[in-house]
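Enquirer: Got a sequence here, can you model it:
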Amino acid sequence: MAEFEIFHLIYLIAISAITAIFLVHTILTRKELHLKEITFNEYFRFWLDHHGIETPTEEIKGPLPLYLHAFFIAGKGYARIGITANKLTVLGLIWALWTLECWFLGGNWILLGVLFVILSATTDSLDGVVALLTDSESKLGAWYDAVLDKFGDILWVAGPIYFIFTSDIWIGPGANQAWLAIVVIIGVFGLLCAMIQEYCRARAEGLGVEVNIPTIGERISRVGFMITLTACIGLSNVFTTLNPSTTFINVNVWMHTNIIPICFIGLLIFAILSIIQLTRHAQKTLTAAPET
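Expert: As a prediction, this is how the structure comes out:
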């Protein structure tokens, strides 16, 4: 463990330095950005078209309009203070680095990881809003966004896997080592399938296939699994600290041993179903397309 403590110290110093450098650079290079004259309805229509949804905006009910309106307002706020879309993309990765740090710290700190997962995920949406509002959309920016998002996904999953290998509940006396290995494999394989899912989309688009169909395993689903996982373990730790009764301890043990497998299995299933969706869509489109 002494080796890990050294690594943890180096990691903490590194991400603290990265965060500080990012903040200083952002402040020193901040400049006024020109905002396009665009209403929320116009942005909403653009978002729907981008996702292949032809339904008129006024017919869309439920939480989606409120969700997008919140991001539209936040994106305007970032643009007004001079935060570019590319900087928001980098910020999303920085938040993901701090998420992993919360798992390294363990205990009640894990609950703070929920905040960092949310911050990391929301910047993934905000960078696109800022790019649209400031008319700064670019292929390079889209490439940065896609690549850094994948690093964020890796960091999100790395935290619970680290937790498994260091928790007394998972590796202590009487622990089922075979089940530990299976859960880790499921988590890693789920992450790999999520990457393959994104590759399927990118490869199809590279072949000229328009892929604007929403899949069950979009990044918002992965965000939901990670928030659920982190919140359940973090809250159970906090409640057990506040009230270390037998009941809370038993709940804490159940959360530790069941929530991670449940979320990892969900991540894997959603990714596989998405691969099937994208494969069928690409197969249908490419088969119908004339050979050139």
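
Enquirer: any idea how far the lengthiest helix in the chain is from the chain center?
Expert: The helix of greatest length in the chain, counted in residues with DSSP state H as the criterion, is given as helix 246-288. In this view, helix 246-288 has its centroid 14 Å away from the chain centroid, taken as Cα atoms, centre = their mean, to the nearest Å.

Enquirer: what's whatever helix or strand Ser125 lives in packed up against?
Expert: Assigned by DSSP states H and E, Ser125 belongs to helix 109-133. Counting contacts by 3 or more Cβ pairs under 8 Å, 6 or more residues apart in numbering; DSSP states H and E, helix 109-133 packs against helix 40-50, helix 63-80, helix 85-105, helix 139-166, helix 219-242. In short, each C-beta sits where N, CA and C put it, glycine included.

Enquirer: Quick check, Thr279 in contact with Cys200.
Expert: Yes - judged on Cβ atoms under 8 Å, Thr279 makes contact with Cys200 at a distance of 6.4 Å.

Enquirer: between the two, which one's more packed in?
Expert: Under the neighbour definition other Cβ atoms under 10 Å, Thr279 and Cys200 were set side by side, and Cys200 has more, 20 against 13.

Enquirer: Check the gap between the nearest residue to Phe239 once chain neighbours are set aside and Ser167 for me.
Expert: Using Cβ to Cβ, 6 or more residues apart in numbering and skipping residues adjacent in sequence, the residue nearest Phe239 is Phe248, 5.4 Å away. Phe248 sits 17 Å away from Ser167, going by Cβ to Cβ, to the nearest Å.

Enquirer: Quick one, grab the pLDDT at Ile38.
Expert: Ile38 carries a pLDDT value of 86.

Enquirer: Just list the residues touching the residue nearest to it when sequence neighbours are not counted, thanks.
Expert: Among residues not flanking Ile38 along the chain, Leu133 sits closest, at 6.5 Å (Cβ to Cβ, 6+ apart). With contacts taken as Cβ atoms under 8 Å, 6 or more residues apart in numbering, Leu133 has the following neighbours: Leu35, Lys36, Ile38, Tyr43, Gly75, Lys76, Ala79.

Enquirer: Could you report the distance from the fifth one to Gly128?
Expert: Translated: Gly75. Computed as Cβ to Cβ, the Gly75 to Gly128 distance reads 8 Å.

Enquirer: quick one, which of those two is more surrounded?
Expert: A direct count of neighbours by other Cβ under 10 Å for Gly75 and Gly128 places Gly75 higher, at 25 against 21.

Enquirer: ok, the more buried one touching Thr134?
Expert: No - Gly75 lies out of contact with Thr134 (Cβ under 8 Å); the separation is 9.2 Å.
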